[in-house]
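Undergrad: Sequence and predicted structure below; questions after.
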Amino acid sequence: MSKDNIEMHLLSGKGCDIMISPMSASYVPSEDEPNTSEAHRHDYYSLFLLEKGLIKMFVDNECVMMSGPSVLLVSPEQVHHPSESSVIKGWVMAFDGKIIDREVISSLEHSNSEICVLELNNNDLSFLNNLLSNLHSCVSNRISAPFEKNLLHSMVSSLYLKLANIHWSKNLHCEKASKSRSVQITQNFKFLVRNDFREFKKPSMYAEKLSISVTYLNDTVKKITGFSATTIIQQEIVGEAQRMLLYTGKSVKEIAFDLGFEDWKYFTRLFSKVSGRSPTAFRNDRKIIRSEY
């Protein structure tokens, strides 16, 4: 392991905010996309719809086995790469997360460390296949019309709304999505944590940004997620630390400093408390697990 940083593939700068193509063995959504066989992450969201065949992919070093029909959603922070595939058919799509309403994305992901895979029935597969096929046709034959961009964005939004409903139907024990103040506060808090956890480590800092009290923030987040605000922050910190331990050659000290900790020993204690083992033990253990696949 010699990399100092996790490789980042960029959608920004390509002059588009949506890329889509039929699935190929390389999972590449465009001909000029960088090599995806090595571990990497994006500055955009990715969707892999498998209609038939078999895909083995690593997401944050977890082995994900897809045997169609199913959908894998990958967020910008998650490190991933394909391992193997067999007789695959489906779609690969990449898009700017700004297209999708924050509430819809939040309903599909509780934290950056979670992997979202949805199994599809025949009706769901038919609906998504038709939508992706039409989206691909529009992207491939994009015309200079006044509402063309709006049309494309609405199709991506419709796709994710359908996936959110599928996810909800498979998790009926979860509280129904709503636009209540509690849900909105929790979604905004998680959005801030995702972007600012390197700088802000305490709930009070986020409460100030949200113009609410720390007590109200904690009570609200606990009610909606089942976790305290502190736990959500720590999960994001440790999740990113785990990626850096797995996919870079940086030392524990370097990782601690990159994540905004002046005291690397304190970072080590925090990591050990949250994950149940030290950073070094985690790195070594995951190497052993990975070698078994």
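TA: Everything's here; your move. In this text, all values refer to a predicted model and were calculated from it rather than measured experimentally. Residues are numbered from 1 along each chain as shown.
Undergrad: rest of the way, CA atoms for contacts and neighbours
TA: OK.
Undergrad: Counting by contacts, list what whichever helix or strand Leu161 is part of packs against.
TA: Assignment of secondary structure by DSSP states H and E places Leu161 within helix 148-169. The contact analysis (3 or more CA pairs under 8 Å, 6 or more residues apart in numbering; DSSP states H and E) places helix 148-169 against helix 102-108, helix 122-140.
Undergrad: Show the subsequent helix or strand relative to the shortest one.
TA: Where DSSP H and E defines the elements, the next helix or strand beyond helix 102-108 is strand 116-119.
Undergrad: gap between that next one and the chain center?
TA: With CA atoms, centre = their mean, to the nearest Å as the basis, strand 116-119 stands 12 Å off its chain's centre.
Undergrad: next one: stretch 211-227
TA: Averaging C-alpha positions (CA atoms, centre = their mean) puts stretch 211-227 23 Å from its chain's average.
Undergrad: what's that stretch in contact with?
TA: With CA atoms under 8 Å, 6 or more residues apart in numbering as the test, stretch 211-227 has contacts from His110, Ser182, Val183, Ile185, Thr186, Pro203, Ser204, Ala207, Ser228, Ala229.
Undergrad: change it to 10 Å
TA: 110, 174-175, 181-187, 189-190, 202-208, 210, 228-232 (CA atoms under 10 Å, 6 or more residues apart in numbering).
Undergrad: what's the answer for stretch 263-282, then?
TA: Applying CA under 10 Å, 6+ apart, the contact partners of stretch 263-282 are 231, 234-235, 237-239, 241-242, 245-246, 251-257, 259-261, 283-285, 287.
Undergrad: Which positions in the helix holding Leu161 come out as buried?
TA: Going by neighbour count (16 or more other CA atoms under 10 Å), the buried part of helix 148-169 is 149, 152-153, 155-157, 159-164, 166-168.
Undergrad: Tell me the helices and strands packed up against the helix or strand harbouring Gly90.
TA: Using DSSP H and E, Gly90 falls within strand 80-95. Packing partners of strand 80-95 (3 or more CA pairs under 10 Å, 6 or more residues apart in numbering; DSSP states H and E): strand 18-22, strand 41-42, strand 45-59, strand 62-67, strand 70-74, helix 122-140, helix 148-169.
Undergrad: Put together a markdown table for these, with distance to Thr268 and mean pLDDT on each row.
TA: Shown next, in a markdown table, are the helices and strands packed on strand 80-95 (distance: least, CA to CA, whole Å; pLDDT from 0 to 100):
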| stretch | distance to Thr268 | mean pLDDT |
| --- | --- | --- |
| strand 18-22 | 39 | 91 |
| strand 41-42 | 25 | 84 |
| strand 45-59 | 24 | 91 |
| strand 62-67 | 22 | 87 |
| strand 70-74 | 28 | 92 |
| helix 122-140 | 44 | 94 |
| helix 148-169 | 35 | 90 |
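Undergrad: In contact with the closest residue to Ile88 other than its chain neighbours, which residues are there?
TA: Counting by CA to CA, 6 or more residues apart in numbering, Ile88 lies nearest to Gly53, which is 4.3 Å off, once chain neighbours are set aside. Neighbouring residues of Gly53 by CA under 10 Å, 6+ apart: Met66, Ser67, Gly68, Pro69, Ser85, Ser86, Val87, Ile88, Lys89, Gly90.
Undergrad: who's in contact with the last one?
TA: I take that to be Gly90. With CA under 10 Å, 6+ apart, Gly90 has these contacts: 21-24, 27, 48-53, 68-71, 129, 132.
Undergrad: I am finished for the moment; much appreciated.
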